[in-house]
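Participant: sequence below, structure please.
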Amino acid sequence: MARSSSLLRAGVLAMALLASFLGVEALFDPFNIFGGRPESDYLDPFGGGATKSPPPPRTERKETGAAQPNTMGLTRVPPLGEPSKASHDTMTIKVTVRDDKPDGAWTIVSDNSGVSAMHLAIMRHGRAIMFDTATTGRSLMRLRFDNCRVDPRRHKTDCWAHAVEFDYTTGAVRPLKILTDTWCSAGGFDADGNLVQSGGYFEGDRTVRYLSPCHTCDWKEHPYSLFEGRWYATQQVLPDGRFAIFGGRRAFSFEHLPKPGMFNHQSVPLALLRDTTDDVENNLYPFVNLLPDGNLFIFANDRGIIFDHRSEIVIRDIPPLPGGARNYPASAMSAMLPLDLRGRQLHGGPELEPEVIICGGANKTAFKVGEIGQYGPALKDCGRINLVKQDAQWATEEMPVQRVMGDMLILPNGELLLLNGAAKGCGGWGFARQPVRSPLLYSPSAPQGSRFRPLTPSTISRVYHSTAAVLPDATVLVAGGNTNSGYNFSGVDFPTEVRVERFTPPYLDGRRHVANRPAIDPHSLPREGMRYGAKYTFRFRTPLDPVVETDVMVTMYAPPFTTHGYSMNQRLLILSVTSFIADPQGYAITVDAPGKPELAPPAYYLIYVLAKDVPSVAVWVKIQ
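Facilitator: Have a look, this model is predicted:
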C-alpha cells in the first residue's frame, strides 16, 4: 500500500470524487477496507455495503516499457527497478544433502503469463486458468480491440485482459474476457469439468461464472445470481454435485449456487461466521471440507464446527485452535489429509477417520499493526485434529519456519507440499515481509517431530496473491504474487510477479526408479467412467523393472480452485486394489471405486498409479 503523501492526497481526492459520484456515505474510509461498518451493512446485502463501496486507491502508474495504446495480445514485462532492502530480506532453510533423498528442483515455465495469477485452476483439457481482478488496472495482456469490456465503475472501456488460459507445457497464453470483477472470488469444478466461479467485488460480488474446458471457450457470466455479495468467500461442492458458498465480507451466511439464469432470494444465517468476526475480519475465506458422512467441517478465525448442511444445523463445536488467527487476512494453510479407502468402505471395514491440518497464520492484530508499517512474526505451529472423535483435541507441532499466505497442496503420494508465503506480517497489499522461499514436505504418517522436511528453495519471492497447483504429470505449477494494488515493477519492495515456475517434487528425481515410472494405458480406461461402489479396471506398465502388488498404490485427486492460500475442494483418496495381474504387456489392475458421493462428489478426478512411490502421469476419470 503506497504511503507517500502525494499518493495519499491523490487517492483521497480520487476516492472522494468517486464516492460523490456513486452516492457513497462520507464516512467510508478508503484506506481501511477492513474497518468497522454499521450493523445495517451486515444485515442488508442490497444496502450501502460492499456492493456500493468504491475500490481502495490504486498506485498504478505508467511503467517504462509498458504496453503502448495500440498494442494487442501479450506485452513485454517492464524493466524491474532497483531491489529494495526489504526484497533482499528472504527466508530459506538449509537443506541437508542426502544421496538417497533428493530435494526437488525448480524450472521456469514462462517469463510472462500476461496476468498475475491471483486465482488458479487446472482444467482437464491441459490448460491452467489464471486470473486476477479488474481493480489492478492494466495487466500485460491486451484483449482484441473489438472485444473490450465496459468498466461500470469508471464508465470507460477496459481493453486489458484479467484472465488467461495458460498452456503449462509450452507457456502459451490465450486471453479470456471477464466482464465482472473477480477480485477475491471463489470456485470449483462441476460434474462435467466446467469451472464454476462465484463472487468477487463491486459489480461481481453476486455473479456466478462458468468456463468450459475447450481451446476456444470463454467465460459465461450470470450477474445478480447470489442473494448476498460474496467477497472473500469459500465455495464447496456437495455430494449431490451442487455448490454452497460460505461467508465473505460482512456476509455471515451461506447459500447454494443457483442454476444458470436463476436467482437466489434468501441466504441461510451461520452463527459461526458472525461470532468469529473481529475488527479486521480474521474469518474470511473460511476453511470448508466435505466429510465422509456428508457433513461439513467449517473453520473460521480460530474455531470450527461440524455442520449438517442438509438440515442446516450445527452438530457440534470443535475446540478452538489457540495461538492466533488462521483465516484471511491472517491467512494460514489448511487441507483434509488423504482418505485411505483400502479395505474400509465396501466390505464393512473400520470407520474412516478424517483429519484436518491447519498450519501457520498470524496474530489477530497483524493487519492492524501492518497499517502502521509493523510486521510481526507469522505463526509457526500446525494443528491437526481427528474429526470423528467426539472429544478430539488439536495436536500441535511446529514447522521449521513460521509462514503466512502459503499454499498447501496434497501430492499424489499423500504427502503435503507447503510453499510460497512470508515469515512476517499478514495478507493485504504491502502487509508482509521476509518471503519464505523454501518449500516444506509434510509426511502425515511419520512420527510427530519428524514429519517436516525442507526442500530446494525457489529464487522467486511469492507473497500476497500467489498460487500453486498439482499438475497431471505430478509436478507443481507455481504462479502469481502481487502485493501491490496495481501492476508495479519498479519502486516497490516486491514487483508484480508474472513468471511461472514448475516445482518437481523429490519423487521425480531422474534416478533409476524414476526411469521405471509407471505409465497408464489410456486406451484401457472404461468408456463409461467410474461408477460409485463398482470395480474399475485399467492397465499400466513399467518400462524397466517389474513390480509386485505391494509396490503399487492408486490415488484419486480432486483438482482444487486455489486463491489466497486456500485450495478449495482439494481432496485425495487412496483406492483399494482388489486385483493385480501381471502379463507380458504390463499389468491389469482393479480398484474399488469410492462407494458414495460423500467420499468423492461427481466430477473429473486425476488418477495416479504409484510404483515404489513414483507417480505416473495421471489420467482424467469421471465418477458418477
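Participant: and Ile358, what helix or strand is that in?
Facilitator: Following DSSP states H and E, one finds Ile358 within strand 355-359.
Participant: tell me what that strand is packed against?
Facilitator: Secondary-structure packing of strand 355-359 (3 or more C-beta pairs under 8 Å, 6 or more residues apart in numbering; DSSP states H and E): strand 287-290, strand 296-300, strand 333-336, strand 381-386. (Each C-beta comes from the backbone N, C-alpha and C, glycine too.)
Participant: how far off centre is the helix or strand following it?
Facilitator: Moving toward the C-terminus from strand 355-359, the next helix or strand (DSSP H and E) is helix 366-370. Relative to its chain's centre, helix 366-370 lies at 23 Å (C-alpha atoms, centre = their mean, to the nearest Å).
Participant: what's helix 366-370 in contact with?
Facilitator: With C-beta atoms under 8 Å, 6 or more residues apart in numbering as the test, helix 366-370 has contacts from 34, 279-280, 282, 324-325, 329-330, 375-376, 378, 404, 425-428, 430-432.
Participant: same check, this time on stretch 533-541
Facilitator: So stretch 533-541 is in contact with 346, 518-521, 524-526, 530, 578-579, 585-596, 609, 616, 619, 621, going by C-beta under 8 Å, 6+ apart.
Participant: if we can go back for a sec, for Gly104, which of the helices and strands packed on strand 355-359 is the nearest?
Facilitator: Closest of the helices and strands packed on strand 355-359 to Gly104 is strand 333-336, at 18.0 Å (criterion: C-beta to C-beta).
Participant: after that closest one, next one along is what?
Facilitator: Of the helices and strands lying after strand 333-336 in sequence (DSSP H and E), the nearest is strand 339-340.
Participant: now for that following strand, which elements pack on it?
Facilitator: In terms of contacts (3+ C-beta pairs under 8 Å, 6+ apart), strand 339-340 is packed against strand 571-575.
Participant: and the strand it packs on, which strands flank it?
Facilitator: strand 339-340 (parallel), strand 552-558 (antiparallel) (DSSP bridges).
Participant: can you put those in JSON lines and add mean neighbour count?
Facilitator: Listed next are the strands paired with strand 571-575 as JSON lines, based on neighbours: other C-beta atoms under 10 Å:
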{"stretch": "strand 339-340", "mean neighbour count": "21"}
{"stretch": "strand 552-558", "mean neighbour count": "23"}
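Participant: residues near Ala105, how many?
Facilitator: Ala105 is flanked by 16 other residues according to other C-beta atoms under 10 Å.
Participant: how far does the lengthiest strand in the chain sit from the chain's center?
Facilitator: Ranked by residue count, the top strand of the chain under DSSP state E comes out as strand 603-611. Chain-centre distance of strand 603-611: 20 Å, with C-alpha atoms, centre = their mean.
Participant: which other helices and strands does the helix or strand following it contact?
Facilitator: Using DSSP H and E, the helix or strand that follows strand 603-611 in sequence is strand 614-615. Counting contacts by 3+ C-beta pairs under 8 Å, 6+ apart, strand 614-615 packs against no other helix or strand.
Participant: give me the nearest residue to Leu416, chain neighbours excluded.
Facilitator: Once flanking residues are discounted, Leu416 sits nearest to Tyr442: 4.0 Å by C-beta to C-beta, 6 or more residues apart in numbering.
Participant: contact partners for that neighbour?
Facilitator: Going by C-beta under 8 Å, 6+ apart, the list of residues near Tyr442 reads Ile357, Cys359, Glu415, Leu416, Leu417, Leu418, Arg451, Phe452, Arg453.
Participant: also Leu417?
Facilitator: Contacts of Leu417 by C-beta under 8 Å, 6+ apart are Met408, Leu409, Leu411, Pro439, Leu440, Leu441, Tyr442, Ala468, Val476, Phe503, Pro505.
Participant: the fifth one contacts Arg451, correct?
Facilitator: Yep, that's Leu440 we're talking about. No - counting by C-beta atoms under 8 Å, Leu440 does not reach Arg451; the two are 9.4 Å apart.
Participant: one step back: indicate which one of the strands paired with strand 571-575 is closest to Leu226.
Facilitator: Among the strands paired with strand 571-575, strand 552-558 sits nearest to Leu226 (C-beta to C-beta), with 23.6 Å.
Participant: ok, what's across the strand from the residue lying closest to Met336 once chain neighbours are set aside?
Facilitator: Distances taken as C-beta to C-beta, 6+ apart put Asn289 closest to Met336, at 4.5 Å, once the chain neighbours are dropped. Going by DSSP bridges, Asn289 is paired in beta bridges with Phe297.
Participant: got any ranges where the stretch 1-150 of the chain has weak pLDDT?
Facilitator: Counting by pLDDT under 70, the stretch 1-150 of the chain contains low-confidence ranges at 1-72, 97-101.
Participant: what's the spatially most central residue of the chain in contact with, if anything?
Facilitator: Nearest to the geometric centre of the chain sits Thr562, at 1.5 Å (C-alpha atoms, centre = their mean). Counting by C-beta under 8 Å, 6+ apart, Thr562 touches His119, Leu120, Ala121, Asp407, Thr467, Ala468, Ala469, Met568.
Participant: over to Met399?
Facilitator: Counted by C-beta under 8 Å, 6+ apart, Met399 has contacts Cys359, Gly360, Lys380, Asp381, Cys382, Leu418, Leu440, Phe452.
Participant: what do you get if the cut-off is 6 Å, keeping everything else the same?
Facilitator: Residues near Met399 by C-beta atoms under 6 Å, 6 or more residues apart in numbering: Lys380, Phe452.
Participant: cool, Gly491 as well?
Facilitator: Gly81.
Participant: kindly report the same for Asn482.
Facilitator: Ser116, His465, Thr496.
Participant: and which of those residues is nearest Leu257?
Facilitator: Nearest member of the contacts of Asn482 to Leu257, counting by C-beta to C-beta, is His465, at 24.1 Å.
Participant: secondary structure, distance to Asp551 and pLDDT added to the contacts of Tyr442, as a markdown table?
Facilitator: Shown next, in a markdown table, are these (DSSP: H, G, I helix; E, B strand; the rest coil; distance: C-beta to C-beta, whole Å; pLDDT from 0 to 100):
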| residue | secondary structure | distance to Asp551 | pLDDT |
| --- | --- | --- | --- |
| Ile357 | strand | 28 | 98 |
| Cys359 | strand | 31 | 98 |
| Glu415 | coil | 18 | 98 |
| Leu416 | strand | 23 | 98 |
| Leu417 | strand | 23 | 98 |
| Leu418 | strand | 28 | 98 |
| Arg451 | coil | 24 | 97 |
| Phe452 | strand | 26 | 97 |
| Arg453 | strand | 23 | 95 |
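Participant: nothing else from me, thank you.
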